[in-house]
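**Q** Could you work out the structure for the sequence below:
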Amino acid sequence: MSLHIGAKPGQIAPTVLLPGDPLRAKFIAETYLDNPVCHNTIRNMLGYTGTYKGVPVSVQGTGMGMPSMGIYSWELITEYQCRNLIRIGTAGSFSKDYNLRDIVIGMAASTDSNYAHAFDMPGTLAPTVSEPLLDCVEEASRKLDIPLRRGNIVSCDVFYETAPDWWKRWSNMGVVAVEMEAAALYLNAAYHKVNALAMMTISDNFVTGAKSTPQERQESFTDMMEVALEAAVNCK
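**A** Numbers count the residues shown, from 1 in each chain. Here you go, the predicted structure:
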């Protein structure tokens, strides 16, 4: 029994898109899916299932941070048998070469979180993207002629850091952007042997100071949404 998702068995598709913002889930469902049905309103963390080009697809909000992503992705996998989980979110760029609206695939997700302690590893595991899902997303990118960037990202527990220029230490090691959920998603997927991919649109840049508005974050990053939906059509 799921504690945080109110869907009935069979109401959630094997492939699910995971925006952090539940209103982004609502926007995607109402804009792109045919016959969307809301399958979750618990805690106002909205979730929907419909079809895209005739293929069942779900979209489920996850909230902010690794603990929240950890809960929703775990229940989607264990209670609803979801096998392809695609995070669609935002990230802050650590490079002047990664600009606003660029789409970044997290090839690996470094983290400052202790989330991985739950898996009792004998060393430090580097959680990574699933190759089959990466293949689907790259095929969708080529079909839609929407370019993707790729790199190591970092999933951080703290949004308002107090140390000045804290991000430069990550940047110096080749990390290209920061977000707050991907590492938990990748760890859960690895443990349960399902596919996961984190795709983020750059919403702000630590080098240049450029920032997107909250409304732009919620509704205007449509290239990322379309790539994820096109990939969902071909997921196995």
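
**Q** count of neighbours near C136?
**A** If you count neighbours by other Cβ atoms under 10 Å, C136 ends up with 25. No exception for glycine: its C-beta is placed from N, CA and C like everyone else's.

**Q** what's near enough to touch the closest residue in space to it that isn't next to it in sequence?
**A** Nearest non-adjacent residue to C136, counting by Cβ to Cβ, 6 or more residues apart in numbering: A231, 4.2 Å away. By Cβ atoms under 8 Å, 6 or more residues apart in numbering, A231 lies in contact with I86, L133, C136, V137, E139, A140.

**Q** Run through the helices of the chain in chain order.
**A** 22-32, 66-80, 131-144, 167-172, 182-192, 214-219, 222-234 (DSSP state H).

**Q** so which of those comes closest to I12?
**A** Using Cβ to Cβ as the measure, helix 66-80 is the one of the helices of the chain that comes nearest I12, at 4.3 Å.

**Q** what does the closest one contact?
**A** Outside helix 66-80, the residues that touch it by Cβ under 8 Å, 6+ apart are 1-5, 7, 9, 11-12, 16, 18, 20, 45, 60-63, 82-83, 85, 87, 111, 113, 115, 155, 157, 180-185, 187-189, 192, 194, 196.

**Q** Pull out the buried residues from these.
**A** The neighbour-count test (16 or more other Cβ atoms under 10 Å) marks 2, 4-5, 7, 11-12, 16, 18, 20, 45, 60-63, 82-83, 85, 87, 111, 113, 115, 155, 180-185, 187-189, 192, 194, 196 as buried among the contacts of helix 66-80.

**Q** Quick check: which ranges of this protein have low pLDDT?
**A** Where the chain drops to pLDDT under 70, the residues are 1, 218-220.

**Q** excluding its backbone neighbours, what's nearest the spatially most central residue of the chain?
**A** Nearest to the mean C-alpha position of the chain, by Cα atoms, centre = their mean, lies R87 at 1.7 Å. Once flanking residues are discounted, R87 sits nearest to A198: 4.1 Å by Cβ to Cβ, 6+ apart.

**Q** Could you report the separation of the one you found from C136?
**A** Distance from A198 to C136, counting by Cβ to Cβ, to the nearest Å: 14 Å.

**Q** D112 too?
**A** With distances taken as Cβ to Cβ, D112 is found 30 Å from C136.

**Q** one step back: which one of the helices of the chain lies nearest to P122?
**A** That would be helix 182-192 among those, by Cβ to Cβ, at 14.9 Å.

**Q** check contacts around the closest residue to E161 other than its chain neighbours.
**A** The spatially closest residue to E161, leaving aside those adjacent along the chain, is W167, at 7.7 Å (Cβ to Cβ, 6+ apart). The contact partners of W167, by Cβ under 8 Å, 6+ apart, come to G92, F94, E161, V178, F206.
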